[in-house]
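In: A predicted structure for the sequence below; I have some questions about it.
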Amino acid sequence: MHTLLKLLEDGAFHSGEDLGLALGVSRSAVWKKLQQVQADLGIEVYKVRGRGYRLASPLSLLDDEALRREHMGLGWACRIHETIDSTNAEAMRVANSDAELPCLVLAEQQTAGRGRRGRHWVSPFAENLYYSLALRMDGGTRRLDGLSLLVGLAVVDTLRELGIDTAGLKWPNDILVGGKKLAGVLLEITGDPANVCHVIIGIGINVNMRESSNVDQPWTSLALELGLVQDRNKVACALSRNLSAYLAGHQEKGFAAYRRDWEEKHLWQGLVVALTAGATITQGVVLGVGDDGALRLKVGGREEHFSGGEVSLRLQGN
Ligand code: BTN
C-alpha cells in the first residue's frame, strides 16, 4: 500500500497502466488496491477516464531512509511504522527491551493515540506528526524537573522556524496559535523513579489536518495556518534538532536556565485563570513558572505553586 501511495503522493494524475507497471500488477489490481486505500486509510482517490487516478489532495509521507539518516546524525535510532496503537506505547515497549536508546518512534497513523488526562489523540493517516522519543534517565525522576516544559519550548521554536510566529505555550505544555491547539506533549515514565528510569517524550503536531469532527477542542494545523501542505519529514527533523539541543541543555543546566525564555513564550502570563486539580478549583493570576516547572499563581495576595500531572488550566470566564 505504501509503494502505491508513494507514487500518488504528489496529488497529480497517474495512469492505471503506469501504476500497474511500477507495482508489477495488472490495472484491475491497481484499482482494487486503491479501493482498499480508501476503505482502510480514509484517503480519497479520484478516478478520471483517460487521465487515471489522483489523490484528493497531495500527501506528505514519512521518508524512512532520510529520517533514519538524519537522526543517526543526532545519535538517535529511528523506527517508523505505518500503523501503530500509539507511538508512546511503542516507545515504552522499545525502552523496556534491549534496544539502542535514544530511539525515536514515528508512525503514519495511530489507532489508539493518547493525550493528557486520559484523552484520545486524533491521529489520521499521513496527516500529522506522531512522534515519541525513548530516553534513558540515570538518577531517577528528580532529573525530569521542567523537562516537559522544555519539550514545549522545542516545539514552539520549531513552529516559529517554520513560519508560525504567533505560536506560544499554555502551561504545562500545550502549544497554541490564535487560541487554538496546534500541538501537545505527553511525557510518560517507566522504570525505577528513584534510580534508572526511561522517559518517553510524546509529541503530536497537527501538520496537514484540515478537517476533523473528532477533536474535542478548538484546534488548528500548520497547513491551515500557512495555507500549504507541509513536508512532515522536514517538521520531524527540525523538531529533533531543537529537542536534542534542549535535552543537552537541560542535562547540563536544568530548567532554571530556560525559565525566563519559557515565560516569555507563555501566552497566559499575567492572566486570570482557574486551575482544576481533581475536585478543587483555584483562581489566580499567572505569575510564571518555578525552576522545577511548577505554575506560580497569585492567589488572594499569596504566591502558590502547582505541579503538572492531572491538572488543567482555563482562562477565567471561559
Ligand atoms: C495532549 O493531550 O496535549 C498530549 C498529546 C500527545 C499526543 C502524542 S502523538 C505521539 C504520542 N503518542 C501518543 O499516543 N501520544 C503522543
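Out: Everything's here; your move. Residues are numbered from 1 along each chain as shown.

In: how far away is the residue in the stretch 51-200 of the chain that the ligand sits nearest to from V207?
Out: As assessed by C-beta to the nearest ligand atom, the ligand sits closest to G184 within the stretch 51-200 of the chain, at 2.1 Å. Backbone N, C-alpha and C define where each C-beta goes, glycine included. Applying C-beta to C-beta, to the nearest Å, the value for G184 to V207 is 13 Å.

In: And those two? Which one has more around it.
Out: Neighbour comparison, G184 and V207: the larger count goes to V207, with 24 against 21 (by other C-beta atoms under 10 Å).

In: Backbone torsions only: list them for that one.
Out: phi -100, psi -60 (degrees, to the nearest 10).

In: Surely it touches A223?
Out: Yes - applying C-beta atoms under 8 Å, one finds V207 in contact with A223, separated by 6.7 Å.

In: shared neighbours of these two, anything?
Out: Q230 (C-beta atoms under 8 Å, 6 or more residues apart in numbering).

In: Counting neighbours, show which residues of the lengthiest helix in the chain come out buried.
Out: Once the chain is assigned using DSSP state H, the helix that runs over the most residues is helix 232-253. Under the neighbour-count criterion of 16 or more other C-beta atoms under 10 Å, helix 232-253 has 232-244, 246-247, 250 buried.

In: any idea of the mean pLDDT in that helix?
Out: On average, the pLDDT along helix 232-253 is 96.

In: which residues are in contact with that helix?
Out: By C-beta under 8 Å, 6+ apart, helix 232-253 touches 60-63, 66-67, 70-71, 74, 76, 104, 106, 126, 128-129, 131, 133, 135, 143, 146-147, 150-151, 153-155, 157-158, 161-162, 201, 203, 205, 207-208, 222, 257-258.

In: what's downstream of that helix, the next helix or strand?
Out: helix 259-264 (DSSP states H and E).

In: other SSEs contacting the helix or strand just after that next one?
Out: Remark: after helix 259-264, the chain's next helix or strand is strand 272-277, criterion DSSP H and E. Applying 3 or more C-beta pairs under 8 Å, 6 or more residues apart in numbering; DSSP states H and E, we find strand 272-277 packed against strand 280-289, strand 295-299, strand 311-315.

In: host element of the one residue sitting closest to the centre of the chain?
Out: Centroid-nearest residue in the chain, with C-alpha atoms, centre = their mean: G204, separated by 1.8 Å. Remark: G204 resides in strand 197-205, with elements defined by DSSP H and E.

In: mind listing what that strand pairs with, with the direction of each?
Out: According to DSSP bridges, strand 197-205 has the following sheet partners: strand 129-137 (antiparallel), strand 180-191 (antiparallel).

In: Let me know the closest of the buried residues of helix 232-253 to L271.
Out: Distance to L271 across those (C-beta to C-beta) is lowest for Y246, with 25.4 Å.

In: Could you check the longest helix of the chain against the ligand for contacts?
Out: No - using C-beta under 6 Å from any ligand atom, we find that helix 232-253 stays clear of the ligand, coming within 11.4 Å at best.

In: Distance from that helix to the middle of the chain?
Out: 13 Å (C-alpha atoms, centre = their mean, to the nearest Å).

In: quick one: it to strand 197-205, angle?
Out: When axes from the mean of the first three to the mean of the last three C-alpha atoms, to 10 degrees is applied, the directions of helix 232-253 and strand 197-205 differ by 140 degrees.

In: which secondary structure elements does the helix or strand bottoming out on mean pLDDT in the chain contact?
Out: When the helices and strands of the chain are scored by mean pLDDT, DSSP states H and E, strand 311-315 comes last with a mean of 88. The contact analysis (3+ C-beta pairs under 8 Å, 6+ apart) places strand 311-315 against strand 272-277.

In: which other residues reach the strand it packs on?
Out: 281-286, 295, 297, 306, 310-317.

In: I'm done for today, thanks for sticking with me.
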